[in-house]
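Undergrad: missing the sequence, but the structure's below:
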């Protein structure tokens, strides 16, 4: 069994000094109850500071965002109107609180949750204007205010986190935690990802109930008392008696109790406590919620693809005419690709190569920029026409894939669809990219496209996208696609 005294140097000294004269459980419990108000005050002070700072930053960010929108629209925003904006600011702040973005966990920095909260708040604030002024006037204002406020607040939350790490890397402001559990499990807690980047917790003590099973009811309260702990972390499985004793000691002392999960936080959904027949159960996945979000994603895909084809029809017509003038052959390039569930479909692109160029692919295999047959790309490919090279550099050759999105074969965001010949060389672990619909853009494209030449790295990026998928992540990738396309990074 690992010796945790090295990781928690106060462990042995604490027990020797505090436990030796303790009465069997009673005195230790009374001591905890006497110091509980101090622990509760610390929790309250942290909560008040956190909510005050975040709400103040949010309010300033909302006013700045909407003032910038008014300035861009060349509409002055006098002081009276700024004060009147409280009509909009207050519902947004309330919505952010209802969505849990002022809590102590990670939700306050989750971009997707913040975007949803702001959307709901702005919608509630403008609901009356929608019926009074009409959708034609209110809906553009809603989307502009929503997107501007979301962009500013997500950025400011990152600034707040960075400032906290800079100003308070350690110290009295962080939680003081005692770890309760087996030594081997406690050693793993020290390096747990939950104790990583953000310094929210300082480990000040450890107690292994197995080392003195008959004294656990004395040792743990004494350790909490000696170290002025306000948080108890349960490491690994505990017996019913030890578990009940730990919960009771924490309740009396006013401590938060955290139980670190056996699985690392890599699931698509955050674990959530639910109740079934009066018993607490940890729900690790939420198929209904994911299904609803995917339905919303499909609706966004349909609306965006239809609007894109309508608004960009003139540009696509110009591109089609230039292709006809500059090289013989059809305007569109059709190719069989593999999509969700391994199903085949025909992908559409503007033709950028000479006719029958696929037949010369084998002759160019030795010029493949990838060292893996599961990907294929040639720098300065002789098959590409001059106009086709420009289309690829600007990614305009991908525009016809909006048709694939309308047909439900692709999405706006997702893994890129491979060729059947590439899939024939896949390993078993590579097939995870077919769990979702392929996309016009995705994690590989925004990470450098062909500059990422390791296929395993491509798969890692796509697996991470699939595991952590959300509507907010799709929005982030769409926004990151714009600078990636403008820079032309990795385009061949």
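TA: Everything's here; your move. Predicted model only: the values in this text are computed from it and were never measured.

Undergrad: Could you give the backbone dihedrals for residue 104?
TA: phi -90, psi -10 (degrees, to the nearest 10).

Undergrad: now do residue 201
TA: Dihedral angles of residue 201 (phi, psi; degrees, to the nearest 10) stand at phi -150, psi 140.

Undergrad: tally of neighbours for it?
TA: 17 (other Cβ atoms under 10 Å). Backbone N, C-alpha and C define where each C-beta goes, glycine included.

Undergrad: does residue 89 really touch residue 60, like I thought?
TA: No - using Cβ atoms under 8 Å, residue 89 is not in contact with residue 60; the gap is 10.0 Å.

Undergrad: if you skip the residues just before and after it, what's nearest to residue 322?
TA: Of all residues not flanking residue 322 in the chain, residue 387 sits nearest, at 5.7 Å (Cβ to Cβ, 6 or more residues apart in numbering).

Undergrad: Quickly find the element holding the one you found.
TA: Secondary structure from DSSP states H and E places residue 387 in helix 386-394.

Undergrad: Give me the next element, helix or strand, following that helix.
TA: Following helix 386-394 in sequence, per DSSP H and E, is helix 401-406.

Undergrad: now that following helix, how far from the centre of its chain.
TA: 27 Å (Cα atoms, centre = their mean, to the nearest Å).

Undergrad: What residues sit buried inside the helix or strand hosting residue 315?
TA: Residue 315 belongs to helix 313-326 when assigned by DSSP H and E. Neighbour counts over helix 313-326 (16 or more other Cβ atoms under 10 Å) mark 316, 319-320, 323 as buried.

Undergrad: where exactly do the helices run in the stretch 151-300 of the chain?
TA: Ranges of helices within the stretch 151-300 of the chain are 183-190, 216-226, 240-253, 287-311, based on DSSP state H, counting those that start in this stretch.

Undergrad: Pull out the buried positions in the shortest one.
TA: Read that as helix 183-190. Residues 183, 185-187, 189 are the ones in helix 183-190 that count as buried (16+ other Cβ under 10 Å).

Undergrad: would TSV of these with pLDDT and distance to residue 108 be doable?
TA: TSV is the format used below for those (pLDDT from 0 to 100; distance: Cβ to Cβ, whole Å):
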residue	pLDDT	distance to residue 108
183	72	34
185	70	29
186	69	28
187	70	30
189	72	23
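
Undergrad: What is the nearest of those to residue 211?
TA: residue 183 (8.0 Å; Cβ to Cβ).

Undergrad: and after the helix holding residue 315, which helix or strand comes next?
TA: By DSSP H and E, the next helix or strand past helix 313-326 is strand 332-338.

Undergrad: right, so of the helices of the stretch 151-300 of the chain, which gets closest to residue 95?
TA: Residue 95 lies closest to helix 287-311 among these, at 17.9 Å (Cβ to Cβ).

Undergrad: What angle do helix 313-326 and the closest one make with each other?
TA: Here helix 287-311 runs at an angle of 60 degrees relative to helix 313-326 (axes from the mean of the first three to the mean of the last three Cα atoms, to 10 degrees).

Undergrad: sorry, back to before: buried residues, the helix holding residue 387. List them.
TA: Going by 16+ other Cβ under 10 Å, helix 386-394 has these buried residues: 387-389, 391-392.

Undergrad: Greatest separation within these: which pair is it?
TA: The distance between the two most remote of the buried residues of helix 386-394 (Cβ to Cβ) is 9.9 Å, for 387 and 392.

Undergrad: Overlap in contacts, the two.
TA: Counting by Cβ atoms under 8 Å, 6 or more residues apart in numbering, the residues touching both residue 387 and residue 392 are residue 352.

Undergrad: Report the contact partners of the closest residue to residue 352 other than its chain neighbours.
TA: Closest residue to residue 352 apart from its sequence neighbours, by Cβ to Cβ, 6+ apart: residue 388 at 2.9 Å. Neighbouring residues of residue 388 by Cβ under 8 Å, 6+ apart: 323, 327, 350-353, 397.

Undergrad: Check residue 142 too.
TA: 122-123, 126.

Undergrad: Between those, which sits nearest residue 434?
TA: Comparing the contacts of residue 142 against residue 434 with Cβ to Cβ places residue 123 closest, at 36.2 Å.

Undergrad: Would you map the strands across this protein?
TA: Per DSSP state E, the chain carries strands over the ranges 175-181, 201-207, 231-235, 256-259, 272-276, 279-283, 332-338, 344-350, 411-413, 439-441.

Undergrad: Save these as a markdown table, and put in mean pLDDT too.
TA: Shown next, in a markdown table, are those (pLDDT from 0 to 100):
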| stretch | mean pLDDT |
| --- | --- |
| strand 175-181 | 82 |
| strand 201-207 | 79 |
| strand 231-235 | 83 |
| strand 256-259 | 81 |
| strand 272-276 | 74 |
| strand 279-283 | 74 |
| strand 332-338 | 92 |
| strand 344-350 | 94 |
| strand 411-413 | 94 |
| strand 439-441 | 92 |
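
Undergrad: what's the closest of the ones you listed to residue 105?
TA: Closest of these to residue 105 is strand 256-259, at 10.4 Å (criterion: Cβ to Cβ).

Undergrad: So what are the sheet partners of that closest one and their directions?
TA: Sheet pairing for strand 256-259, assigned by DSSP bridges, gives strand 231-235 (parallel).

Undergrad: circling back: by neighbours, which of the contacts of residue 142 wins?
TA: Among the contacts of residue 142, residue 122 has the most neighbours (other Cβ under 10 Å), with 25 neighbours.

Undergrad: Specify which residues of the stretch 101-250 of the chain, grouped into ranges, have pLDDT under the cut-off.
TA: The stretch 101-250 of the chain contains residues with pLDDT under 70 at 167-173, 186, 191, 193-194, 196-199, 212-218.
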